[in-house]
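Colleague: Attaching a predicted model along with its sequence, questions to come.
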Amino acid sequence: MVTTALAQTAAETAAEHTEIADSAHGAFPPFDPSTYLSQLIWLAVFFGLLYYLLSKMVLPRIATILEERHDRIADDLAEAEKLKRESDEAIAAYEQALAEARQRAHGIAQDARDKAKAEVEDERSKAEAELEEKLQAAEARIGEVRDKALAEVDAIAKETTEALVETLSGEAPADAEVGSAVSAAMNERR
């Protein structure tokens, strides 16, 4: 049953296709030689119309768009070049300012060193002057003490010599003799 139904449907479909093919009178219309002239006329009309639309509407718009893009790109490149030049100038100015700041800092540091060195030298010279004054004062005081001690040594030496001579000899020597003997002994030592 199913196979008979399939066979019958296939036969009906084939019959329909045969009827359609018989009703189409001949060849495919674009290849029909009797329609060549009308096809060429319509081709020329549509080609002319298409050429007119393209040349008057589409191509000017495309040219305008391309020119605008070209101008925009040129402007952008010019702006980029200008910005690059400005940034190069800014970098150069920054480097110059940095170099000047380094020089000023070096100058300030050198001035500070020179000033500190001068202050230290001034303080050192003041301290040396004070030490020299104290040293001279101490030497003067030492000289006074020495002179005083030497004067007392002379007196002590005279007294001791008198006491020794008196003890050894039993007689008291003359002050002039003792003084000249002590002076002679002192001169030999110096």
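Modeller: It's in. Keep in mind that what you see is a predicted model, and the values were worked out from it rather than measured. Residues are numbered from 1 along each chain as shown.

Colleague: how far is whichever helix or strand T160 is part of from where the chain is centred?
Modeller: Remark: T160 resides in helix 59-169, with elements defined by DSSP states H and E. Helix 59-169 has its average C-alpha position 26 Å from the chain's average C-alpha position, going by C-alpha atoms, centre = their mean, to the nearest Å.

Colleague: what pLDDT does E68 get?
Modeller: Per-residue pLDDT puts E68 at 95.

Colleague: That one: how many residues sit nearby?
Modeller: Look at E68: counted by other C-beta atoms under 10 Å, it has 10 neighbours. Every C-beta, even on glycine, is put in place using the N, C-alpha and C of the backbone.

Colleague: And for R85?
Modeller: 10.

Colleague: Would you mind measuring from it to A78?
Modeller: 10 Å (C-beta to C-beta, to the nearest Å).

Colleague: show me the contacts for the most centrally placed residue in the chain.
Modeller: Central residue of the chain (C-alpha atoms, centre = their mean): L98, 8.7 Å from the mean position. If you count contacts by C-beta atoms under 8 Å, 6 or more residues apart in numbering, L98 has none.

Colleague: can you tell me the average pLDDT over the following helix or strand past the helix holding T160?
Modeller: As assigned by DSSP H and E, the chain's next helix or strand after helix 59-169 is helix 175-189. Across helix 175-189, pLDDT averages out at 76.

Colleague: which residues touch helix 175-189?
Modeller: 154, 157-158, 161-162, 165.

Colleague: Repeat the analysis, applying 6 Å as the threshold.
Modeller: Residues from elsewhere that reach helix 175-189, judged by C-beta atoms under 6 Å, 6 or more residues apart in numbering: 157-158, 161-162.

Colleague: Tell me the buried residues in that helix?
Modeller: Buried residues in helix 175-189, defined by neighbour count with 16 or more other C-beta atoms under 10 Å: 178-179, 182.

Colleague: Distance to A74 added to the residues you listed, as JSON lines?
Modeller: Below are the buried residues of helix 175-189 laid out as JSON lines (distance: C-beta to C-beta, whole Å):
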{"residue": "V178", "distance to A74": "127"}
{"residue": "G179", "distance to A74": "124"}
{"residue": "V182", "distance to A74": "121"}
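
Colleague: Export stretch 31-40 to PDB, keeping only CA atoms.
Modeller: As requested, the backbone C-alpha atoms of stretch 31-40 are provided in PDB (Å, rounded to 0.1, in the frame of the first residue of the first chain):
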ATOM      1  CA  PHE A  31      19.000  34.100 -25.300                       C
ATOM      2  CA  ASP A  32      16.000  34.600 -27.600                       C
ATOM      3  CA  PRO A  33      17.400  36.400 -30.700                       C
ATOM      4  CA  SER A  34      14.100  38.200 -31.300                       C
ATOM      5  CA  THR A  35      14.500  40.200 -28.000                       C
ATOM      6  CA  TYR A  36      18.200  41.300 -28.600                       C
ATOM      7  CA  LEU A  37      17.300  44.800 -29.900                       C
ATOM      8  CA  SER A  38      15.000  45.700 -27.000                       C
ATOM      9  CA  GLN A  39      17.600  44.300 -24.500                       C
ATOM     10  CA  LEU A  40      20.400  46.500 -26.000                       C
END
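
Colleague: No more questions from me, cheers.
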